[in-house]
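Participant: Got a sequence here, can you model it:
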Amino acid sequence: MNVKASELRIGNLVKLESGEIVPIRGGGIAAIESGYLKVEPIPLIEEWLVKAGFELLDGIYYKSMFAYGGDQCDDFELQIFNNDENYFAVSTMETYIPIEYVHQLQNLYFALTGEELIQ
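Facilitator: I've put the predicted structure just below:
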């Protein structure tokens, strides 16, 4: 399965045809869009969550994102839920949004924090 260039941003990790895992660099998105470079998404498995600093507790992967300002200093956490079939999802209120690939998790984390998750 090839990943769409529109889903990627510089820094996202992808798999080349050779099997090598590399971050997208300048010009990479245009090369993918033109068909010159073929890449595949990296399936999100527990190994990638651990590399990204998530910790497993009672079947939920947690990662502190940033400290809350004010009188209290509680961490906001990104929670990734998993079932026995490596189905990961982010909980938003009462719905679950599936996350299948590493670049999706990278993009979500960047959108929430403005920081890179995995480089």
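Participant: quick one, what contacts the closest residue to Pro43 other than its chain neighbours?
Facilitator: Spatial nearest neighbour of Pro43, excluding adjacent residues (CB to CB, 6 or more residues apart in numbering): Tyr101 at 6.3 Å. The way it works is simple: take the backbone N, C-alpha and C, and place the C-beta from them, glycine included. When contacts are counted by CB atoms under 8 Å, 6 or more residues apart in numbering, Tyr101 touches 3, 41-44.
Participant: 7 Å instead?
Facilitator: Applying CB atoms under 7 Å, 6 or more residues apart in numbering to Tyr101 gives the contacts 41-44.
Participant: What's the separation between it and Asp58?
Facilitator: To Asp58, Tyr101 is 25 Å away according to CB to CB, to the nearest Å.
Participant: follow-up on the earlier one: using neighbour counts, give me the buried entries of the contacts of Tyr101.
Facilitator: By neighbour count, with 16 or more other CB atoms under 10 Å, those hold 41-42, 44 as buried.
Participant: Glu55 is in contact with Leu49, isn't it?
Facilitator: No: look at Glu55 against Leu49 with CB atoms under 7 Å: they stay out of range, at 8.9 Å.
Participant: residues bridging contact with these two, i.e. touching both?
Facilitator: Common contacts of Glu55 and Leu49 (CB under 7 Å, 6+ apart): Tyr61.
Participant: For the two, indicate the residue with more neighbours.
Facilitator: For the pair Glu55 and Leu49, the greater number of neighbours falls to Leu49 (22 against 12), based on other CB atoms under 10 Å.
Participant: how distant is the helix or strand containing the more buried one from the center of its chain?
Facilitator: Leu49 is part of helix 46-51 when elements are defined by DSSP states H and E. Centroid separation for helix 46-51 versus its chain: 10 Å, with CA atoms, centre = their mean, to the nearest Å.
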